[in-house]
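>>> Output the structure for:
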Amino acid sequence: MIRLLRNANLFAPEPCGRRDLLLAYGRIAAIGEDLPSLPEAYGVEEDLGGATVIPGLVDAHVHLTGGGGEAGPSTRVPPVQLTDLTRAGVTTVVGVLGTDGTTRTVADLVARTYGLREEGLSAYCYTGAYELPVPTLTGSVRRDIVYVDPIIGVGELAISDHRSSQPTYEELLRVASDCHVGGLMTGKAGILHLHLGDGRRGLELIRRALDETELPPRVFHPTHVNRQRALYAEACELGRRGCTVDVTAFPEDDPGDGLLAVDAIARWLADESLPDARLTCSSDGAGCMPVFGEGGRVVAMDVGRATTLLAALSELVRGGVELRRALPVFTRNVADHLRLPRKGRIEVGADADLLILRGGKDRDDAPAQLRGVLVGGRWFLRDGAPTVLGTFERAND
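Take a look at the predicted model:
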């Protein structure tokens with residue numbers, strides 16, 4: 001329950017230099033250059049040997065019950081297992097439903113979220129799916145947010161996509177209003193997490209809502225905005241107006257007319273007119289990533305993987321972006337937007353969710369090698385191998 005980690009090259013996400021970390025009962029209890037040793041009976045002391053330590057990644061978009069199904073039942077992606085996330089350095093996850101809100105239900109998603117919590121991970125979820133009316137657990141978006149602990153908003157509601165319910169402006173406002181007020185009543189994020197497709201309307205509905213209503217910009221959280229260059233340009237304008245936008249770490253090497261997450265993030269951080277804190281990156285883990293041909297038929301597909309987050313972070317640093325600039329996009333920015341004040345940062349009182357990387361410097365040593373993962377101060381991955389398995393991973397091991 002008490003652990004003293006010595007000689008960490010700490011990024012909190014700001015660079016802090018060599019520090020010791022005292023972890024107690026799931027939280028960070030102290031940070032210092034030379035903390036007093038623990039009495040042997042009180043805890044464990046470990047030397048990290050200068051390894052880089054960063055906050056655990058916060059992934060705001062994972063299909064915990066599995067996505068897909070757009071080319072028939074055989075294309076339903078299996079549910080996410082615990083080590084799919086911990087091997088990727090994800091210590092806090094938000095579950096979503098996508099195209100399929102029929103055979104995949106909000107009840108299933110909430111149950112899987114609770115299951116991951118029982119297995120030790122920090123897990124939350126959205127109510128809803130691509131479609132309207134919004135599928136819910138209680139019959140009301142607002143009641144779902146107020147009464148169901150893990151539910152923090154609505155997502156991923158689809159706009160500008162042939163798979164969406166083609167929501168009208170008024171329908172979108174009604175859902176956004178329920179998200180906003182539900183968040184006010186509970187202190188939760190209360191956000192509307194919006195799937196963006198390739199449709200020509202792009203972010204038009206959000207722009208109109210900002211122009212014509214009193215809803216604050218933070219309510220709208222569009223994702224996949226890097227799938228087209230024109231869409232990304234629209235998203236940048238929303239960022240200037242106060243929205244937080246989300247790029248997806250797609251697994252494919254060729255983004256077509258879009259941008260890889262690495263390029264989208266690097267461009268954002270290089271633009272002084274864009275607030276660094278208004279950008280997040282998620283994985284779309286276990287989501288089906290179909291390629292549609294004529295008539296809307298699936299001609300190819302890939303599956304999202306949570307490992308793309310750490311890969312994108314590593315590529316950014318190798319490309320010359322300082323770790324101190326890139327890291328918040330995957331940690332603190334996400335936690336702040338989701339109103340999770342103890343996540344995405346390393347400070348006294350924060351949750352002891354830590355990633356242990358290889359040792360090195362801010363710019364020159366990209367965090368490609370994940371040595372260890374602690375969730376709530378407990379080792380979930382050590383020396384590159386899982387130390388905690390999910391329930392059925394254990395049964396099948």
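
>>> only C-alpha atoms for contact and neighbour calcs from this point on.
Noted.

>>> quick one: the helices in the stretch 201-350 of the chain?
204-212, 229-240, 261-270, 307-318, 323-326, 332-337 (DSSP state H, counting those that start in this stretch).

>>> Between these, which one is closest to Pro55.
Pro55 lies closest to helix 332-337 among the helices of the stretch 201-350 of the chain, at 8.3 Å (Cα to Cα).

>>> which other residues reach the closest one?
13, 58-60, 189, 218, 244, 277-281, 328, 341-345 (Cα atoms under 8 Å, 6 or more residues apart in numbering).

>>> Can you say which of the helices of the stretch 201-350 of the chain is packed in most?
helix 332-337 (a mean of 24; mean count of other Cα atoms under 10 Å).

>>> burial of the closest residue to Ile191 other than its chain neighbours, as a residue count?
Nearest residue to Ile191, sequence neighbours excluded (Cα to Cα, 6 or more residues apart in numbering): Val219, at 4.5 Å. Other residues lying near Val219 total 22 when counted by other Cα atoms under 10 Å.

>>> Next up, the contacts around Val219.
Here Val219 is in contact with Ala176, Cys179, His180, Gly190, Ile191, Leu192, Cys243 (Cα under 8 Å, 6+ apart).

>>> Mind checking which of those residues are in strands?
Ile191, Leu192 (DSSP state E).

>>> Now compare the contacts of Val219 and name the two farthest from each other.
Farthest pair in the contacts of Val219, by Cα to Cα: Cys179 and Cys243, 15.0 Å.

>>> neighbour-wise, which of those two wins?
Between Cys179 and Cys243, counted using other Cα under 10 Å, the more crowded position is Cys179 (28 against 24).

>>> how does the chain divide up, domain by domain?
Per automatic domain parsing, the domain ranges recorded for the chain read 2-55+343-393, 57-337.

>>> Check the residue nearest to Ile191 and give its pLDDT.
What the model reports as pLDDT for Val219 is 98.

>>> quick revisit: what subset of the contacts of helix 332-337 is buried?
Among these, those classed as buried by 16 or more other Cα atoms under 10 Å are 13, 58-60, 189, 218, 244, 277-281, 328, 342-345.

>>> Please spell out which residues along stretch 85-104 are buried.
85-101, 104.

>>> thinking again about what came up before, by neighbours, which of the contacts of Val219 wins?
Among the contacts of Val219, Gly190 has the most neighbours (other Cα under 10 Å), with 31 neighbours.

>>> where's the residue nearest to that one when sequence neighbours are not counted, which helix or strand?
With sequence-adjacent residues excluded and distances taken as Cα to Cα, 6+ apart, Gly190 is closest to Gly183, at 3.9 Å. Gly183 is part of helix 169-186 when elements are defined by DSSP states H and E.

>>> OK, contacts around the residue nearest the centre of the chain?
Centrality entry for the chain: nearest residue to the mean C-alpha point is Asp59, 1.7 Å, by Cα atoms, centre = their mean. For Asp59, the contact set (Cα under 8 Å, 6+ apart) comprises Val90, Thr92, Val93, Val94, Cys281, Ser282, Ser283, Ala306, Phe330, Val334.

>>> same question, Ser160
Gln166, Leu196, Gly197, Asp198, Gly199, Arg200, Arg201, Gly202, Leu203.

>>> tell me which of the residues you listed is nearest to Leu381?
Within the contacts of Ser160, the smallest distance to Leu381 is 34.1 Å, found for Leu196 (Cα to Cα).

>>> tell me the pLDDT at the closest one?
For Leu196, the pLDDT comes out at 96.

>>> Can you report how many residues lie near it?
24.

>>> surely it meets Gly202?
Yes: the pair Leu196 / Gly202 is scored as a contact, 7.1 Å apart, by Cα atoms under 8 Å.

>>> which residues do these two both contact?
Ile159, Ser160.

>>> ok, now which ones touch the nearest residue to Arg227 once chain neighbours are set aside?
In this structure, Arg227 finds its nearest non-sequential neighbour in Gly258, 4.4 Å apart by Cα to Cα, 6+ apart. Shown in contact with Gly258 (Cα under 8 Å, 6+ apart): Asn226, Arg227, Gln228, Arg229.

>>> Leu260 is in contact with the third one, correct?
No: under the criterion of Cα under 8 Å, Gln228 makes no contact with Leu260, lying 9.9 Å away.

>>> So for those two, which residue has more residues nearby?
Of the pair Gln228 and Leu260, Leu260 is the one with more neighbours under other Cα under 10 Å, namely 23 against 20.

>>> Contacts only, for Ser37.
Contacts of Ser37 by Cα under 8 Å, 6+ apart are Leu4, Glu45.

>>> Can you tell me the SS state at it?
Under the three-state scheme (DSSP: H, G, I helix; E, B strand; the rest coil), Ser37 adopts coil.

>>> could you measure it against Asp47, distance?
Separation of Ser37 from Asp47 (Cα to Cα, to the nearest Å) stands at 12 Å.

>>> can you put the helices of the stretch 201-350 of the chain in a markdown table and add mean pLDDT?
Shown next, in a markdown table, are the helices of the stretch 201-350 of the chain (pLDDT from 0 to 100):
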| stretch | mean pLDDT |
| --- | --- |
| helix 204-212 | 97 |
| helix 229-240 | 97 |
| helix 261-270 | 97 |
| helix 307-318 | 95 |
| helix 323-326 | 96 |
| helix 332-337 | 98 |
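
>>> Can you show me the strands along the stretch 1-150 of the chain?
Applying DSSP state E, counting those that start in this stretch to the stretch 1-150 of the chain gives strands spanning 2-11, 15-24, 27-32, 44-47, 51-55, 57-62, 90-95, 122-127.
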